[in-house]
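Undergrad: Give me coordinates for this.
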Amino acid sequence: MSPVLHATDLVFGYAARTVLDGVSLTASPGRRIGLVGENGVGKSTLLRLLAGLEVPRSGEIVRRGDLGFLFQELPFGGTATVSDVLDEALSDIRTAAAKLDKLAAVLAERPEDPAVLSEYGQVLEWAQAHDLWDADRRADLVLTGLGLGDVSHDRTLHTLSGGQRSRLGLAALLVRRPGTLLLDEPTNHLDDNAMEFLERHLAELTGIVVLSSHDRVFLDAVCTDIVDLDPVPADRRVGGATRYGGSYTDYLGQKKAERARWEQRYGEEQEELKQLRESVDVTARRVAHNRAPRDNAKMLYDFKTGRVQKQISRRVRNAQARLETLEREQVRKPPAPLRFRAVLTAVLDGEGPAVSLRGIAVPGRVTLDRLDVDHTTRLLVTGGNGAGKSTLLSVLAGHLTPSTGTVHFGPGVRVGLLEQDVTFPRPRRTAAEIYHTAAGDTAPPLSALGLLPPREHSRPVGELSVGQRRRLALAVLLAEPPDVLLLDEPTNHLSLSLAEELSAALDTAPGAVVVASHDRWLRRRWAGDELGLEDGRRSV
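TA: Numbering: from 1, shown residues only. Next up, the predicted model:
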């Protein structure tokens with residue numbers, strides 16, 4: 001039985017805030033749908049609704065076939081082993097294999113029994129769809145492809161890093177091979193090889209895939225369709241969803257053309273409105289517009305007065321009716337998109353390195369003989385999971401003291417670090433309150449930075465999405481731009497549009513910038529220096 005996933009007019013919100021309003025989505029086998037939109041627009045919420053983990057206020061969801069959702073944390077205790085996770089992932093497949101053997105034995109005795117034949121056919125169809133006979137080999141391939149091939153199956157989960165646990169959860173889902181896959185940011189914690197493996201694996205699936213991702217290269221490689229959950233343009237109501245066929249690059253082209261059409265239509269309608277208002281007020285009341293009356297016309301004036309007045313009245317009524325219709329149905333003005341306008345760094349004066357490391361070591365995490373960050377450094381730190389990128393940034397920020405070696409900061413140098421995991425201790429405080437408390441009265445207003453739309457400023461920080469909280473943390477950091485800006489996976493959980501703008505802003509920052517990133521789109525356009533790490537040591 002082919003999988004089916006169909007959602008109609010979904011409405012969902014938290015308290016008085018509506019997140020999704022009238023969203024519909026149909027996914028059929030072979031389609032891989034990418035969800036895109038600004039942070040907080042409801043991508044994760046929609047995935048949870050489709051998975052049945054949340055209940056919509058209204059609307060309907062039809063699911064057929066088995067469904068798998070990628071949880072951010074494994075639903076196992078810390079003492080569970082890798083083997084336990086894999087056994088759970090393979091349990092349905094092994095149950096089906098045992099059932100096939102049992103039914104085959106029954107069929108050998110009752111080959112004409114229609115009920116047994118029907119049940120055997122159904123189980124066989126499920127087994128073929130889930131590639132039952134290749135499951136064990138597939139498990140090994142998936143673990144290796146996601147960088148877990150050398151992890152012992154006896155390892156307990158509490159001994160694994162957060163990235164390893166995340167990849168194990170993804171591996172378990174791929175091994176299980178459900179007919180419908182729902183993936184929320186599946187590329188987090190994946191290195192290049194693992195992402196390329198995941199791209200190939202998903203592209204080969206015959207079922208349904210619905211996913212959200214900040215990785216633009218991944219969306220290009222995997223998706224057959226893009227669904228934009230941002231408010232749709234022109235005369236469509238806010239809160240809906242628009243579907244675009246093709247990859248992420250195709251979507252960008254279609255969105256650009258759509259915006260141009262919207263702006264053109266708005267301009268044309270505003271010009272027509274201006275002319276209609278003038279026509280109602282002035283032009284329609286002129287008998288012979290721009291032409292002086294002839295002598296014989298004066299003689300006939302009294303005779304034709306009634307006819308002329310009727311013509312004027314009809315002209316006025318027609319113009320008024322068109323004006324009322326257009327004022328009622330006109331497209332709304334294209335809203336100005338949220339633009340990143342923050343200054344990333346200060347201008348650092350003085351001589352010598354802003355930050356210098358000599359012979360530093362954090363046992364088991366990073367070892368580096370030498371690194372100088374000058375006043376205008378542009379440095380991209382790359383490497384796989386566990387290579388030591390985040391540790392190096394923490395040392396550069398002064399948040400982590402190495403066991404050996406020295407870290408020297410230039411006189412008066414201020415260093416700012418945007419970490420991957422952002423938490424705020426008082427979740428009921430609003431974004432505006434947190435920013436003002438941290439930034440003070442002399443900092444630019446939060447709205448001036450282009451990081452959070454005004455409607456989010458008064459929301460409690462505990463209600464913000466992960467991406468919105470990272471935006472707020474970046475705003476606090478940039479309220480007084482540091483001399484050296486350290487960014488740990490800056491495009492993770494950010495909307496794709498903001499990731500584009502932040503990447504462009506890095507090129508013009510006047511001070512020093514050090515970025516650790518998996519983002520292939522950012523890395524492909526990087527024009528500065530690079531530092532590769534492998535097992536905590538310099539590789540390039």
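Undergrad: Hmm, Ser517 and Arg523 touching each other?
TA: Yes: if you go by CB atoms under 8 Å, Arg523 and Ser517 touch, sitting 6.4 Å apart. In short, each C-beta sits where N, CA and C put it, glycine included.
Undergrad: who's more crowded, these two?
TA: Ser517 (20 against 16; other CB atoms under 10 Å).
Undergrad: ok so, going back, any common contacting residues for Arg523 and Ser517?
TA: Taking CB atoms under 8 Å, 6 or more residues apart in numbering as the criterion, Arg523 and Ser517 both touch 380, 382.
Undergrad: So the closest residue to Leu50 other than its chain neighbours: helix, strand or coil?
TA: Distance criterion CB to CB, 6 or more residues apart in numbering; nearest residue to Leu50, sequence neighbours excluded, is Leu182 at 5.7 Å. For Leu182, the assignment made with DSSP: H, G, I helix; E, B strand; the rest coil gives strand.
Undergrad: Relative to Leu344, how far out is Leu182?
TA: To Leu344, Leu182 is 36 Å away according to CB to CB, to the nearest Å.
Undergrad: who's more crowded, those two?
TA: Each of Leu182 and Leu344 has its neighbours counted (other CB under 10 Å); Leu182 has more, 26 against 22.
Undergrad: That one reaches Gly52, doesn't it?
TA: No: the criterion here is CB under 8 Å, and Leu182 misses it with Gly52 at 9.9 Å.
Undergrad: Overlap of the contact sets of these two?
TA: Common neighbours of Leu182 and Gly52, counting by CB under 8 Å, 6+ apart, are Leu67.
Undergrad: Now do the SS call for Val316.
TA: Strictly by three-state DSSP, Val316 counts as helix.
Undergrad: which regions of the chain sit below the pLDDT cut-off?
TA: 1, 231-240, 283-312, 335-341, 348-350, 493, 540 (pLDDT under 70).
Undergrad: quick one, longest helix in it?
TA: The residue-count maximum for a helix in the chain (DSSP state H) belongs to helix 248-281.
Undergrad: who are the neighbours of it, in terms of helices and strands?
TA: Contacting helix 248-281 under the criterion 3 or more CB pairs under 8 Å, 6 or more residues apart in numbering; DSSP states H and E are the following elements: strand 32-36, helix 216-222, strand 225-228, strand 242-245, helix 301-329.
Undergrad: again, only this time at 6 Å
TA: helix 216-222, helix 301-329 (3 or more CB pairs under 6 Å, 6 or more residues apart in numbering; DSSP states H and E).
Undergrad: Would you verify that Glu125 is located in a helix?
TA: Yes: Glu125 forms part of a helix when assessed by three-state DSSP.
Undergrad: Against Ser58, how distant is it?
TA: Distance from Glu125 to Ser58, by CB to CB: 35 Å.
Undergrad: again, but for Asp66
TA: Plainly put, Asp66 is 26 Å away from Ser58 if you go by CB to CB.
Undergrad: same check, this time on Gln264
TA: Taken as CB to CB, the span from Gln264 to Ser58 is 36 Å.
Undergrad: wait, what's in contact with the closest residue to Asp225 other than its chain neighbours?
TA: Nearest residue to Asp225 in three dimensions, chain neighbours excluded: Ile33, at 4.8 Å (CB to CB, 6+ apart). The contact partners of Ile33, taken as CB atoms under 6 Å, 6 or more residues apart in numbering, are 27, 210, 225, 227.
Undergrad: Is Leu190 within a helix or a strand, and which one?
TA: Per DSSP states H and E, Leu190 falls between elements, in no helix or strand.
Undergrad: Ok, the one 5 residues further on next?
TA: Met195 is part of helix 192-204 when elements are defined by DSSP H and E.
Undergrad: Let me know how buried Glu88 is, in neighbour terms.
TA: Neighbours of Glu88 using other CB under 10 Å come to 16.
Undergrad: Backbone dihedrals for the closest residue to it other than its chain neighbours, please?
TA: Excluding its sequence neighbours, the residue lying closest to Glu88 (CB to CB, 6+ apart) is Ala172, at 7.0 Å. Phi and psi for Ala172, reported as degrees, to the nearest 10, are phi -60, psi -40.
Undergrad: I'd like to know how many residues surround Ala172.
TA: Other residues within reach of Ala172, judged by other CB under 10 Å, total 25.
Undergrad: Same question for Leu326.
TA: For Leu326, the count of nearby residues is 14 (other CB under 10 Å).
Undergrad: Skip the chain neighbours and tell me the closest residue to it.
TA: Leaving aside its sequence neighbours, Leu326 sits nearest to Leu273 (CB to CB, 6+ apart; 5.8 Å).
Undergrad: mind checking how far stretch 73-92 is from the chain centre?
TA: How far stretch 73-92 lies from its chain's middle: 28 Å, per CA atoms, centre = their mean, to the nearest Å.
Undergrad: Likewise for stretch 321-337?
TA: 31 Å.
Undergrad: same check, this time on stretch 424-433
TA: The answer for stretch 424-433 is 23 Å, by CA atoms, centre = their mean.
Undergrad: Ends of that stretch, what's the gap?
TA: Terminal residues of stretch 424-433 are spaced 12 Å apart (CA to CA, to the nearest Å).
Undergrad: For that stretch, buried residues please.
TA: The neighbour-count check on stretch 424-433 (16 or more other CB atoms under 10 Å) flags 424, 430-432 as buried.
Undergrad: so where do the helices sit in the stretch 401-540 of the chain?
TA: Ranges of helices in the stretch 401-540 of the chain, per DSSP state H, counting those that start in this stretch, are 431-439, 466-478, 496-506, 520-524.
Undergrad: Quick check: which of those helices is nearest to Leu168?
TA: With respect to Leu168, and counting by CB to CB, the nearest of those is helix 466-478 at 20.8 Å.
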